[in-house]
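[1] Sequence and predicted structure, then a few things I'm wondering about:
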Amino acid sequence: MALLEIENLHAGVDDKAILNGFDLTIQAGEVHAIMGPNGSGKSTLSYLLAGRDGYEAQNGNVRFDGADLLDMEPEARAIAGMFLAFQYPLEIPGVTNMTFLRTALNAVRRGRGEDEMDPASFLRMVREKSRAMGVDDDMLKRPLNVGFSGGEKKRNEVLQMAVLEPRLAILDETDSGLDIDALQTVADGVNAMRSDARGMLVITHYQRLLDFIKPDFVHVMVHGRIVRSGGPELAEELERSGYGAYLGAETGGQGNEVGAAHA
Amino acid sequence: MKWGPRMLDATAHFETIHERLPGGAEVLQARRSALARAEQTGLPTRRNEGWHYTDLARLLKQNDAVPVRANAFDANALAPLQMVFENGLLIDEPAGDDCVTIESLAHALASGARNHVGDASDNDMAAFNLALAQDGAVITIDGTPNQAVELLTRGDENAHLRHTIKVKRGTVTLIENLQANGYTNAVLDVEVDPGARALLVRIQSAGHHVGLTRVSLNGDGAFCAVTFVTGGNLARHETHIRLLGEGARADVHGAILGHGTMHADMTSQLNHEIAKTDSLTTLHAVLDDAAQGVFQGKVVVARDAQHVDAQQQSRAMMLSERAHMSAKPELEIYADDVACAHGAALGELDADALFFLRSRGIDEAAARHMLISGFLAAPLAHIENEDLRACVAAHVSAHVPGCENDGEGVNAELADA
Ligand SMILES: Nc1ncnc2c1ncn2[C@@H]1O[C@H](COP(=O)(O)OP(=O)(O)OP(=O)(O)O)[C@@H](O)[C@H]1O
Ligand SMILES: [Mg+2]
């Protein structure tokens, strides 16, 4: 059974159609990358998968580990192993990063029928994982993301992923805002999480990230659907030639297969 | 259920208790003239200055209201020096210690002191208080005591309490624990000498409380009040502070955990009468159901009071369409080289933040609790004493508006805020 199976997904906000027949299957152990122009619907897809209010599917199916994902509350999805590293992480005043991490981990563990982690083990585990992610003690004590720099917020997202150990991690432009060293740190963190039991969906604009996190598949998303899929070489091709060809196909060909654009 | 404060007929009340009122002939004379004034002005209505948002006469007539209550706040873990006032009378008088002299108002007046009844010339509610106060605390601090001093108010009757506190040296932590169900009029006069500090933590969990706190900072001392209204149908906490010495610092922080038909009013006036004095006034209101919050903050900076830093901020989180918030921050500045600012913000629970927390596996109720608690962490942070802060945090956590307070797995959050 596939880890994630998206079939002919049509979805939007209010009356605006954003996803127009989106298909994607991810098996456990695979890393998929999605690239696509601004506004093509990448974040919308990730919000929809995480269960954000206001993003409604009009048509299509999403199965996560065999269950109907779209029927589940956001917290139930997290418990089932869905994780989204936000493109724009939220600031939560008055709640320390540490308290947040502990509350989230214990909520997820309770939801999975596991025992809560005792405070000492939790502290040890978080210290270790945050060191690996370049998140210092001070950032753990501060209110969640408040006053964090753009790059610190992104590292903190990956730390949350490391703590929650999801089945599927969606990274929405986790590389944007990272300096070169931080990119390496974050990529190391993500790579350390790669396993046969876990899938990843990496959304990015830059091929550079994919040099560090080698994807098994690369997809091009335009106007709410995947217009081409390939291996890592596709990312290099996009870096050279941009999205022009695909955009043309969409405006002119109205749903023509992608191959036509290349013909 | 019919419930509410008994209507206050000041003269009738005075006639029934005046033989028991402490104080000699001179005090009685002062009480009679205060009573005459109180009867003439009556309870304030919205036409009175400073009462525009809190129509006291009308609010005290609502005697069919559903009681708005929180659990009583309990600071016993701190083993404070505790004075318990029941229905306006002291029932339990602790011995002081090396640095604390404690006396009841009744005793102080019986031994001939006159000044403890204070002055009512500039305040209508103080006039009622002067006429009718039977008891209160008279406290002198001379050095930093090991324990906090707690004034606990309870009972169901109308009560008038008058407290005077003089801090000569050291730092005192005061707890005003307001759990009376009836109507209470309390006046608290605080005098802080140079170098000394008075730190007041006030929790109102029930009743109809009208309080006036008047503070004089005589030198480079400090006063910090942090008030939490967690229950009660009516809360009016009015604070007047005079900053009289260079280096004086005043903090007035409030938090309203509004639910039911609670009406909670935080009014303050800070007079910076001299240069190099600082103040910070804040309110954090969370308003659910038909709760009403009021912030009236006024900062007055006198001519020549240069290098004053005075900030005021009111923030409200509205959880219900029936809830209402009025904010009136005011600056009156006669000096030219000062840093003063004020602001008032009003918002709702952040839906994006809620989703963020839920996407990490935290269920909706716990996520709401976490966000609202986070909002209330700011006033808690102003409580200097760690143990007391933890006590108040636990009380606050159990009464966060807009949450099912089953408390499961969430009570720890505020403790390390
Ligand atoms: N809440 C919303 N209301 C209206 N339009 C929206 C909303 N959310 C997204 N959109 C629109 O849907 C389209 C897709 O947005 P989305 O954020 O998914 O793009 P994206 O592929 O992630 O872009 P980027 O690369 O810039 O992050 C855009 O045109 C955007 O303006
Ligand atoms: Mg995006």
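    Looks like it arrived, so ask away. Ligands and ions are numbered 1, 2, ... in the order given.

[2] Could you export the helix or strand where residue B:279 lies as CSV, CA atoms only?
    Assigned by DSSP states H and E, residue B:279 belongs to strand B:278-287. Listed next in CSV are the C-alpha coordinates belonging to strand B:278-287 (Å, rounded to 0.1, in the frame of the first residue of the first chain):
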residue,chain,number,x,y,z
ASP,B,278,9.4,55.5,34.7
SER,B,279,6.1,53.7,34.4
LEU,B,280,4.6,50.9,32.5
THR,B,281,0.8,50.2,32.5
THR,B,282,-0.5,47.2,30.7
LEU,B,283,-3.8,45.3,30.4
HIS,B,284,-4.3,41.9,28.8
ALA,B,285,-8.0,41.1,28.5
VAL,B,286,-9.5,37.8,27.2
LEU,B,287,-13.2,38.3,26.8
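
[3] I'd like to know which elements it is packed against.
    strand B:249-258, strand B:263-272, strand B:292-301, strand B:309-318, strand B:324-333, helix B:364-381 (3 or more CB pairs under 8 Å, 6 or more residues apart in numbering or on different chains; DSSP states H and E). In short, each C-beta sits where N, CA and C put it, glycine included.

[4] Out of the ones you listed, flag the one nearest chain A.
    helix B:364-381 (2.9 Å; CB to the nearest CB).

[5] can you pull the buried residues of the helix or strand just after that closest one?
    Using DSSP H and E, the helix or strand that follows helix B:364-381 in sequence is helix B:386-397. For helix B:386-397, a neighbour-count test (16 or more other CB atoms under 10 Å in any protein chain shown) marks B:388, B:389, B:390, B:391, B:392, B:393, B:394, B:395, B:396, B:397 as buried.

[6] Over to stretch B:137-150?
    Applying 16+ other CB under 10 Å to stretch B:137-150 flags B:137, B:138, B:139, B:140, B:141, B:142, B:145, B:147, B:148, B:149, B:150 as buried.

[7] ok, back up a step: got the angle between the strand holding residue B:279 and strand B:309-318?
    0 degrees (axes from the mean of the first three to the mean of the last three CA atoms, to 10 degrees).

[8] tell me the mean pLDDT over strand B:278-287?
    Here strand B:278-287 scores 98 as its mean pLDDT.

[9] okay, the angle between that strand and strand B:292-301?
    Using the same axes, to 10 degrees: strand B:278-287 against strand B:292-301 is 170 degrees.

[10] angle of strand B:278-287 against strand B:263-272?
    Going by the same axes, to 10 degrees, strand B:278-287 makes 170 degrees with strand B:263-272.

[11] Any idea how far strand B:278-287 is from the middle of the chain?
    12 Å (CA atoms, centre = their mean, to the nearest Å).

[12] got the buried residues for it?
    Buried, per 16+ other CB under 10 Å, within strand B:278-287: B:278, B:279, B:280, B:281, B:282, B:283, B:284, B:285, B:286, B:287.

[13] residues touching the last one, list them.
    Shown in contact with residue B:287 (CB atoms under 8 Å, 6 or more residues apart in numbering or on different chains): B:256, B:258, B:293, B:316, B:317, B:318, B:319, B:320, B:323, B:324, B:325, B:401.

[14] Can you tell me who it pairs with across the strands?
    Beta-bridge partners of residue B:287, counted by DSSP bridges, are residue B:258, residue B:318.

[15] ranges for the helices of the chain?
    Answering for chain A, as no chain was given. In chain A, the helices defined using DSSP state H lie at A:42-50, A:74-80, A:97-111, A:119-132, A:137-141, A:150-164, A:180-193, A:207-212, A:233-241, A:244-253, A:258-262.

[16] my question was about chain B
    In chain B, the segments counted as helices under DSSP H are B:10-17, B:25-41, B:56-61, B:105-110, B:124-132, B:351-358, B:364-381, B:386-397, B:412-415.

[17] Looking at the ones you listed, which one is packed in the most?
    helix B:124-132 (a mean of 25; mean count of other CB atoms under 10 Å in any protein chain shown).

[18] Which helix or strand in chain B has the lowest average pLDDT?
    helix B:412-415 (a mean of 40; mean pLDDT, DSSP states H and E).

[19] give me every residue that touches the residue nearest the centre of chain A.
    Using CA atoms, centre = their mean, the residue of chain A that lies closest to the mean C-alpha position is residue A:170, 1.6 Å off. Residue A:170 is in contact with A:46, A:49, A:50, A:82, A:83, A:84, A:85, A:200, A:201, A:203, counting by CB under 8 Å, 6+ apart.

[20] With residue B:176 instead?
    B:150, B:151, B:153, B:188, B:200, B:201, B:202, B:203.

[21] give me the beta-bridge partners of the residue nearest the centre of chain B?
    By CA atoms, centre = their mean, chain B has its centre lying nearest to residue B:237, at 4.4 Å. With DSSP bridges as the criterion, residue B:237 is bridged to residue B:211, residue B:266.

[22] Hmm, it is touching residue B:266, no?
    Yes. Between residue B:237 and residue B:266 there is a contact under CB atoms under 8 Å: 5.5 Å.

[23] Which residue ranges make up the domains of chain B?
    Split into domains by automatic domain parsing, chain B comes to B:5-348, B:350-417.

[24] So which bits of chain A are right by ligand 1?
    Contact residues (CB under 6 Å from any ligand atom) of chain A with ligand 1: A:13, A:16, A:18, A:36, A:38, A:39, A:40, A:41, A:42, A:43, A:44, A:87.

[25] just the buried members of these?
    A:18, A:36, A:40, A:41, A:42, A:43, A:44, A:87.

[26] any chance of these in TSV, with distance to ligand 2 and pLDDT too?
    Putting these into TSV (distance: CB to the ion, whole Å; pLDDT from 0 to 100) gives the following:
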residue	distance to ligand 2	pLDDT
A:18	11	96
A:36	9	94
A:40	9	95
A:41	8	96
A:42	5	96
A:43	3	95
A:44	8	96
A:87	5	92
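
[27] Need those in TSV (columns: distance to chain B).
    Converted to TSV, those look like this (distance: CB to the nearest CB, whole Å):
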residue	distance to chain B
A:18	17
A:36	22
A:40	22
A:41	18
A:42	17
A:43	13
A:44	14
A:87	12
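
[28] between those residues, which is nearest residue A:70?
    residue A:44 (13.8 Å; CB to CB).

[29] Not counting sequence-adjacent ones, nearest residue to that closest one?
    residue A:18 (4.6 Å; CB to CB, 6 or more residues apart in numbering or on different chains).

[30] contacting residues for that neighbour?
    Contacts of residue A:18 by CB under 8 Å, 6+ apart are A:11, A:12, A:41, A:44, A:224.

[31] With residue B:167 instead?
    B:141, B:190, B:191, B:192, B:193, B:196, B:197, B:198, B:221.

[32] Highest neighbour count among the residues you listed?
    residue B:192 (29 neighbours; other CB atoms under 10 Å in any protein chain shown).

[33] Pairing partners for that residue in the sheet, please.
    residue B:167, residue B:217.

[34] can you pull the contacts of it?
    Contacts for residue B:192 (CB under 8 Å, 6+ apart) come out as B:167, B:198, B:215, B:216, B:217, B:218, B:221, B:222, B:223.

[35] Turn the residues you listed into TSV, including distance to residue A:148.
    Below are those laid out as TSV (distance: CB to CB, whole Å):
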residue	distance to residue A:148
B:167	41
B:198	37
B:215	38
B:216	43
B:217	38
B:218	43
B:221	37
B:222	32
B:223	35
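
[36] could I get those as CSV with pLDDT and distance to ligand 1?
    Shown next, in CSV, are these (pLDDT from 0 to 100; distance: CB to the nearest ligand atom, whole Å):
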residue, pLDDT, distance to ligand 1
B:167, 98, 56
B:198, 98, 51
B:215, 98, 50
B:216, 98, 55
B:217, 98, 51
B:218, 97, 57
B:221, 96, 53
B:222, 98, 48
B:223, 98, 48
